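[1] Sequence first, then the predicted structure:
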Amino acid sequence: MILSAPETRPGEARRSRHLPGDIDMWVMILGDLFFFGAYFVVYMVFRTRSADEFSAAQQHLDIGIGVANTVVLLTSSMFVALAVIAVRERAIRSARQLVLAAAACGLIFTLVKIFEWHREISNGHTVSEEFFSFYFVLTGVHLAHLLLGMLILGIVVRELRDTAEQRVGIVEQGALFWHMIDLLWVVIFAIVYLMR
């Protein structure tokens, strides 16, 4: 019995399988994941040592705000994934609109986070409290990554405006970074807002 390559139907293009993005973006993402992972471990160690204090401080966080921001970021992740599909199918205008929608979600997340920080600080919760020092650092460093992600999405939009050549790789790299931001937020939401 001789095995042969699967036949393609007429008009069906063969897609090459590859890891999206390039090695530089993967190194950056893996480095960020390592950094956050180490910080998550430190957070868990301190949380274990002061479980009652952390649990009492967590009661001051509004889970509804955390859920809203989670929904916003997961929606943005969907937009970015759809943008990658659109650009691969040469639906450039749709891809550009989807990337802009993802960036708009990033802006909404930022505004909600600033509101939440203002609320906590107004209620007297600052970095002088152990739990809130972790809260502000984790969410602050995450927000800095989100703002960098919005800049990267802006570069993607600019790339998609150049009608002469759209490089799918640029869109994939922007999507990879954005998905990392979403993944990190899901972990932050779980350990800071939900875990009691």
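    All right, it came through fine. Values in this document were obtained by computation on a predicted structure and should not be read as measured data. Residues are numbered from 1 along each chain as shown.
[2] in whichever strand or helix holds residue 85, what's buried?
    For residue 85, the element it lies in under DSSP states H and E is helix 63-88. Neighbour counts over helix 63-88 (16 or more other C-beta atoms under 10 Å) mark 66, 69-70, 72-73, 75-77, 79-80, 82-84, 86-87 as buried. (Each C-beta comes from the backbone N, C-alpha and C, glycine too.)
[3] where do the helices sit along the protein?
    23-49, 51-58, 63-88, 92-122, 130-161, 168-188 (DSSP state H).
[4] just those: most buried one?
    Of the helices of the chain, the one with the most neighbours on average (mean count of other C-beta atoms under 10 Å) is helix 168-188, at a mean of 21.
[5] How confident was the prediction at residue 160?
    In the prediction, the pLDDT value recorded for residue 160 is 89.
[6] Surely it is in contact with residue 90?
    No. The pair residue 160 / residue 90 is not scored as a contact, 11.2 Å apart, by C-beta atoms under 8 Å.
[7] one step back: mind giving me the packing neighbours of the helix holding residue 85?
    Counting contacts by 3 or more C-beta pairs under 8 Å, 6 or more residues apart in numbering; DSSP states H and E, helix 63-88 is packed against helix 92-122, helix 130-161, helix 168-188.
[8] Now tabulate these in CSV and tack on distance to residue 38.
    Shown next, in CSV, are these (distance: least, C-beta to C-beta, whole Å):
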stretch, distance to residue 38
helix 92-122, 23
helix 130-161, 12
helix 168-188, 13
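[9] separation between residue 27 and residue 178?
    Separation of residue 27 from residue 178 (C-beta to C-beta, to the nearest Å): 17 Å.
[10] Repeat that for residue 36.
    Counting by C-beta to C-beta - residue 36 and residue 178 are separated by 15 Å.
[11] Can you list the low-confidence ranges for this protein?
    Judged by pLDDT under 70, the chain has its weakly predicted residues at 1-19, 21, 163-166.
[12] Apply 80 and report the result again.
    1-22, 162-167, 196 (pLDDT under 80).
[13] quick one, what contacts the closest residue to residue 129 other than its chain neighbours?
    Nearest residue to residue 129 in three dimensions, chain neighbours excluded: residue 57, at 6.1 Å (C-beta to C-beta, 6 or more residues apart in numbering). Shown in contact with residue 57 (C-beta atoms under 8 Å, 6 or more residues apart in numbering): 125, 129, 130, 131, 132.
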